[in-house]
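1. Structure for this input, please:
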Amino acid sequence: MPLTSGKTSHPIWLIICVVLLLLTAVATILRLTNQAYWFDEVFTILFSGGGIYRRIPPSEILSRVASDVWPPLYNLLIAGWGGILGWSEFSLRVFSLFTGLIGIAIVYRLGSEAKSPRVGVLLALLLATCPFYLSYFTEARAYTLYFTLTAASLWLYWHIPALKKIKRLYALVFLLTLSALFYTHYIGLATGGALGIYHLLIARQDPLWRRHWNKTLLLMLLSVLVFSPWLVVAIISAIRESADRRGMDALSIVYWSLYGFGNGLLPYSLAMLSLAIWRIRGRTINFAWFLLIVTLLIALAFNLYADFLFHIRHIIVILPPFLLIIALVLDMLWVRVRWAAVLGMTIWVVAGIYGYVMPDFINGLPGQVEKLPRSFIINAVNTLKSCADTNDVAVFALSLPEKEWLNDRVLQYYLHEVSIPYAQVKSMANIGSPPVVDGTNPQIVTPPPDDYNQRVQEFVGSAQQVWLFSLDTNGASALIEQFTDALSPMPDVQVLKNRTGC
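-> Below you'll find the predicted structure:
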């Protein structure tokens, strides 16, 4: 059977997809423990009642999540997952890896049924070599689940006209998938809204939908009903977010979406979208364009009020239709100008591998937080526990001054068994308090004075040794020099920098 067969179950296509999944799994599983938990991941653990924090019942998880800005499904799932497999970086992040791999498998099915198995493989390959997507395989956050539920909702919806009858199990899976999307991220509602508008305006005129249009509409309305108990919390979260004006403007969101979702290849993304407008017609491309544009417009409308889109990860829901458009263009080129399709795919894959290997691509996105190496943090913990005297102090130079607050919670999480005072080099505020297990913010033991030299000298006090752990690459070099200058009136103090062991 030729490779252009329309059957989605052809062994060749399945073999290619399985190999792709295995390669992606190997490439990402090796990175699961490269980085320490960062600010948001520590909050994942806190809100889920895991790690160093006391275990809490589901009702308290809901209460904690309601005080934040996102829905509760991921925290409920990760509480059960962590309770069984543990709360290590590997244990929690492998959940993201599994859901991310499922997302690749689902887009293969989506592309195969939307056009052909070749489009399915192209779509899966585009996603598996998208460093933006792969970066969330190694985070204990909800974004791969968010993407996968989005892709699954689109696939299940698209498949409905091919069914002779919507059986109860299929209806239940579609209903639960769409509802789960809403309970994972509020912008999942934008996908639901776009599907609903498409169903009312476009699908209603499509003869293929004649048998199942009413029942599908009912299922979509029921998914909103399932989400309705959390609706008041969502509205309060939007009001709370609107008080913190941190989002990007609409043009910046579009620009960084094309850049970040497009492997840093902005001209490539624009060229592919232009080719799609110029050369491709049909039901599939219309569906992809509609979902891409309407979902983005709804998200931008949300952002006008709540002003929350400070990072494009929150609109990863537009990645499936965006990549589907590119896959359809590559498929068209394969038929008409095969070398151009090979070149286009090669450019994407090479750029994707480079962006995945080199951290500058991800770290250069607006709103991105550069994470700390896990080996660095674990070395600091082990050294302080083994070697520090009770009257020593520790100082961490990890980031630029304006980013220090992002590390307070991280340091408290990893250093919860370290008994000596510790602080960050700019603030010099002692955060070496007992571990926070009740959901409150990290405690500042002693508010520091305004004068920096006085802050340093009061924090060091009578200590004879200062354990200094620094990451000079994070822009902390000038702070370290300022810190050591502040110690000049204290000649008896010994600074032990980046020690490994005693």
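2. Alpha carbons of the helix or strand of the chain with the lowest mean pLDDT, as CSV, please.
-> Every helix and strand of the chain was ranked by mean pLDDT, DSSP states H and E. The lowest is helix 477-486, at a mean of 84. The C-alpha coordinates for helix 477-486 follow below in CSV (Å, rounded to 0.1, in the frame of the first residue of the first chain):
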residue,chain,number,x,y,z
SER,A,477,29.0,39.2,39.6
ALA,A,478,28.6,42.9,40.4
LEU,A,479,26.5,42.0,43.5
ILE,A,480,29.2,39.6,44.7
GLU,A,481,31.8,42.4,44.5
GLN,A,482,29.5,44.8,46.4
PHE,A,483,29.0,42.1,49.0
THR,A,484,32.7,41.4,49.6
ASP,A,485,33.3,45.2,49.8
ALA,A,486,30.7,45.5,52.5
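3. quick one: buried residues of that helix?
-> By neighbour count with 16 or more other CB atoms under 10 Å, helix 477-486 contains the buried residues Leu479, Ile480, Phe483, Thr484, Ala486. (C-beta placed from N, C-alpha, C; glycine too.)
4. low-confidence ranges in this structure?
-> Judged by pLDDT under 70, the chain has its weakly predicted residues at 1-10, 431-450, 473-475.
5. Let's see that with 80 instead.
-> For the chain, applying pLDDT under 80 flags the ranges 1-10, 242-245, 400-401, 429-450, 472-478, 502.
6. how is it carved up into domains?
-> 11-363, 374-497 (automatic domain parsing).
7. and the end-to-end length of stretch 492-502?
-> Stretch 492-502 has an end-to-end distance of 19 Å (criterion: CA to CA, to the nearest Å).
8. element containing the residue nearest to Val418 when sequence neighbours are not counted, please.
-> Nearest residue to Val418, sequence neighbours excluded (CB to CB, 6 or more residues apart in numbering): Leu384, at 4.8 Å. If you go by DSSP states H and E, Leu384 is part of helix 374-387.
9. What lies in contact with that helix?
-> Applying CB atoms under 8 Å, 6 or more residues apart in numbering, the contact partners of helix 374-387 are 33-36, 89, 394, 396, 410, 414-415, 417-418, 420, 422, 467, 469, 471, 499-502.
10. Could you list which of those belong to helices?
-> Filtering the contacts of helix 374-387 for membership in helices, criterion DSSP state H, returns Glu89, Val410, Tyr414.
11. By neighbours, which of those wins?
-> Highest neighbour count within the ones in helices among the contacts of helix 374-387: Val410, with 21 neighbours (other CB atoms under 10 Å).
12. hang on, that one packs against Phe39?
-> Yes - using CB atoms under 8 Å, Val410 is in contact with Phe39, at 6.3 Å.
13. one step back: deepest of the domains of the chain, which one?
-> Stretch with highest mean neighbour count among those: domain 11-363 (a mean of 19; mean count of other CB atoms under 10 Å).
14. How far does that domain stretch from one end to the other?
-> By CA to CA, one end of domain 11-363 lies 39 Å from the other end.
15. Could you do stretch 386-400 as well?
-> Start-to-end span of stretch 386-400 (CA to CA) is 29 Å.
16. Tell me the gap between it and the middle of its chain.
-> Computed by CA atoms, centre = their mean, to the nearest Å, the chain-centroid distance of stretch 386-400 equals 31 Å.
17. Tell me which stretches of the stretch 301-450 of the chain form strands.
-> Listed in chain order, the strands of the stretch 301-450 of the chain (DSSP state E, counting those that start in this stretch) span 393-397, 422-424.
18. got these as JSON lines, with distance to Ser257 columns?
-> Output for those, formatted as JSON lines (distance: least, CB to CB, whole Å):
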{"stretch": "strand 393-397", "distance to Ser257": "34"}
{"stretch": "strand 422-424", "distance to Ser257": "33"}
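19. And these: which comes nearest Met358?
-> Using CB to CB as the measure, strand 393-397 is the one of these that comes nearest Met358, at 24.2 Å.
20. Show me what the closest one is packed against.
-> For strand 393-397, the elements it packs on are helix 374-387, strand 422-424, helix 452-460, strand 465-470, helix 477-486, judged by 3 or more CB pairs under 8 Å, 6 or more residues apart in numbering; DSSP states H and E.
21. Taking helix 452-460 as reference, get the angle to it.
-> Angle, strand 393-397 to helix 452-460, by axes from the mean of the first three to the mean of the last three CA atoms, to 10 degrees: 140 degrees.
22. Restricting to C-alpha, output strand 393-397 in CSV.
-> Below are the C-alpha coordinates for strand 393-397, written out as CSV (Å, rounded to 0.1, in the frame of the first residue of the first chain):
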residue,chain,number,x,y,z
VAL,A,393,25.7,32.1,57.6
ALA,A,394,25.1,31.4,53.9
VAL,A,395,24.6,33.8,51.1
PHE,A,396,23.3,33.0,47.6
ALA,A,397,24.0,35.1,44.5
